[in-house]
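1. pasting the structure only:
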């Protein structure tokens, strides 16, 4: 009998509470977002509901107070921001100036209400000049680059500690994305992202400033990267171009430069000059292991064909069958003949590059296209990673001259300078553009 009483007491004291708790269910999980855009009478915050618990979240929002620990039962104000999981933001209005507040997010389900961590903030004095930040509309939007920025209003006389942008592929980039700082001070600012963007994908941007008065954010804006380079090729209108046709019927402009005649466009054939098909490889893991001829389109998109041309690995070059009959892939020496005629490696790039910014990103240093060669920034496919890079920034062309069993000589030009770069640093798996020269 005594053992029964002891067992009953043990169950009552220790086990039943856990059973009852389990029946009541789990509360949601919610975190509070930091307070921003503080003025004398308002501020912004929010929350992130990461788990609904044992039932759907039927209410969520903010509660704040200047005296009590804020809750649904004791608060100076609250907001309601929908249901379910995810991020929400709220404006706290009708705050008193020069007052310290406590705020936290809440989320409720059938088991009860859960709260996030308390954040403390103080409102500004009445009449205080508050800086405003405007998120600039994205400019120079390309396939994998964009220019972003912010404009600060009423910022003079206020200590701007840091300014920049948050950006990413999800809304609320200040919470979900990456940050790029752009220095300090009250001036208008821009930052450029080059590489790492995905074509035809929407990204979200929000400018910010961190000041002695707190953090302030501009409105969220968005942009969608383009699929391809677009716009007509900017040939030199002062030059009389010739033409040549490949095995598939693609027609290319040609140009006389010194004693040589060059294609003024990148090769785009998918067949050798004997009519046989060049292997087309899209898969990354296959590409990086290749030791045989292949070609691809930039980002594996045939939409890049007409403007950018195709990209070929050096094994395709080594077949000696890429160019139309009577033409060939230039040797390292023939490229040197070209650059020497144009004044040497330091300045020849400016004379080879298409002028302007229709396809080239800024600064496209010194570009005049005085030679008529009309280099387009077609980028390349890396040999060791199998990824695409450089569209809008540079172009490179294989020579037929081998450096060693792993690498071969090539040339490249870039937006950042006037030079032609002669290098043997690319693996033969690398896919570059091809410019043919007449026999």
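-> Received, thanks. Bear in mind the structure is a predicted one, so any value in this text is a computation, not a measurement. Numbering: from 1, shown residues only.
2. any stretches of this structure with poor pLDDT?
-> By pLDDT under 70, the weakly predicted segments of the chain are 1-24, 155-156.
3. map the structural domains onto the sequence of it.
-> In terms of domains, the chain is parsed into 25-122, 132-224, 242-438 (source: automatic domain parsing).
4. for those domains, give me a markdown table that also has distance to residue 232 and mean neighbour count.
-> Any C-beta I mention is one placed from the backbone N, CA and C, and that applies to glycine too. What follows is these, written out as a markdown table (distance: least, Cβ to Cβ, whole Å; neighbours: other Cβ atoms under 10 Å):
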| stretch | distance to residue 232 | mean neighbour count |
| --- | --- | --- |
| domain 25-122 | 43 | 18 |
| domain 132-224 | 16 | 18 |
| domain 242-438 | 8 | 19 |
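5. got the end-to-end distance for stretch 281-288?
-> Using Cα to Cα, to the nearest Å, one end of stretch 281-288 lies 10 Å from the other.
6. ditto for stretch 286-302
-> 19 Å.
7. tell me which residues are up against it.
-> Stretch 286-302 is contacted from outside by 143, 199, 227-228, 270, 278-282, 303-305, 308, 310-313, 315-316, 318-319, 378-379, 381, 383-386, 388, 391, 428-429, 431, using Cβ atoms under 8 Å, 6 or more residues apart in numbering.
8. and with 7 Å instead?
-> With contact meaning Cβ atoms under 7 Å, 6 or more residues apart in numbering, stretch 286-302 is reached by 143, 199, 227-228, 270, 278-282, 304-305, 308, 310-313, 315-316, 319, 378-379, 381, 383-386, 388, 391, 429, 431.
9. could you do stretch 39-50 as well?
-> For stretch 39-50, the external contacting residues (Cβ under 7 Å, 6+ apart) are 28-37, 57, 60, 62, 85-95, 97, 103, 105, 107, 116, 119, 121, 123-126, 128, 130.
10. tell me how far the residue lying closest to residue 416 once chain neighbours are set aside lies from residue 350.
-> Distances taken as Cβ to Cβ, 6 or more residues apart in numbering place residue 365 nearest to residue 416, at 6.2 Å, with adjacent residues excluded. Residue 365 sits 7 Å away from residue 350, going by Cβ to Cβ, to the nearest Å.
11. likewise for residue 414?
-> Applying Cβ to Cβ, the value for residue 414 to residue 350 is 11 Å.
12. sorry, back to before: distance to residue 234 added to the domains of the chain, as a markdown table?
-> Shown next, in a markdown table, are these (distance: least, Cβ to Cβ, whole Å):
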| stretch | distance to residue 234 |
| --- | --- |
| domain 25-122 | 45 |
| domain 132-224 | 16 |
| domain 242-438 | 5 |
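13. closest to residue 236 out of those?
-> Among the domains of the chain, the nearest to residue 236 by Cβ to Cβ is domain 242-438 (4.5 Å).
14. what's the span of that closest one, first residue to last?
-> 12 Å.
15. which parts of the stretch 301-439 of the chain are strands?
-> 311-312, 327-328, 378-381, 388-391, 394-402, 408-414, 421-423, 437-438 (DSSP state E, counting those that start in this stretch).
16. make JSON lines from those strands and add distance to residue 152 to it.
-> JSON lines is the format used below for the strands of the stretch 301-439 of the chain (distance: least, Cβ to Cβ, whole Å):
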{"stretch": "strand 311-312", "distance to residue 152": "43"}
{"stretch": "strand 327-328", "distance to residue 152": "56"}
{"stretch": "strand 378-381", "distance to residue 152": "35"}
{"stretch": "strand 388-391", "distance to residue 152": "32"}
{"stretch": "strand 394-402", "distance to residue 152": "34"}
{"stretch": "strand 408-414", "distance to residue 152": "33"}
{"stretch": "strand 421-423", "distance to residue 152": "39"}
{"stretch": "strand 437-438", "distance to residue 152": "53"}
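17. which residues touch the nearest residue to residue 425 once chain neighbours are set aside?
-> Spatial nearest neighbour of residue 425, chain neighbours left out: residue 407 (6.7 Å); criterion: Cβ to Cβ, 6+ apart. Residue 407 makes contact with 424-428 under the criterion Cβ under 7 Å, 6+ apart.
18. now, these that are in helices?
-> Among the contacts of residue 407, no residue falls in helices (DSSP state H).
19. circling back to that earlier point, measure the residue nearest to residue 425 to residue 380 for me?
-> Using Cβ to Cβ, residue 407 is found at 14 Å from residue 380.
20. ok, now residue 42?
-> Distance of residue 42 to residue 380, given as Cβ to Cβ: 51 Å.
21. please enumerate the strands of the stretch 151-300 of the chain.
-> In the stretch 151-300 of the chain, the strands defined using DSSP E, counting those that start in this stretch lie at 160-168, 178-181, 189-194, 202-211, 214-217, 221-224, 242-245, 251-257, 260-263, 295-296.
22. for the closest residue to residue 433 other than its chain neighbours, phi and psi?
-> Among residues not flanking residue 433 along the chain, residue 266 sits closest, at 4.3 Å (Cβ to Cβ, 6+ apart). When read as degrees, to the nearest 10, the backbone of residue 266 gives phi -70, psi 140.
23. dump the residue contacts of residue 266.
-> Contacts for residue 266 (Cβ under 7 Å, 6+ apart) come out as 308-309, 376, 378, 433-435.
24. if you set the cut-off to 8 Å instead, what comes out?
-> 308-310, 376, 378, 395, 433-435.
25. for residue 179, same thing?
-> Per Cβ under 8 Å, 6+ apart, neighbours of residue 179: 164-166, 208.
26. cool, residue 58 as well?
-> 83, 108-110.
27. looking at those, which are in strands?
-> 108-109 (DSSP state E).
28. could you dump the contacts of residue 58 into TSV and include distance to residue 241?
-> Below are these laid out as TSV (distance: Cβ to Cβ, whole Å):
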residue	distance to residue 241
83	64
108	72
109	71
110	75
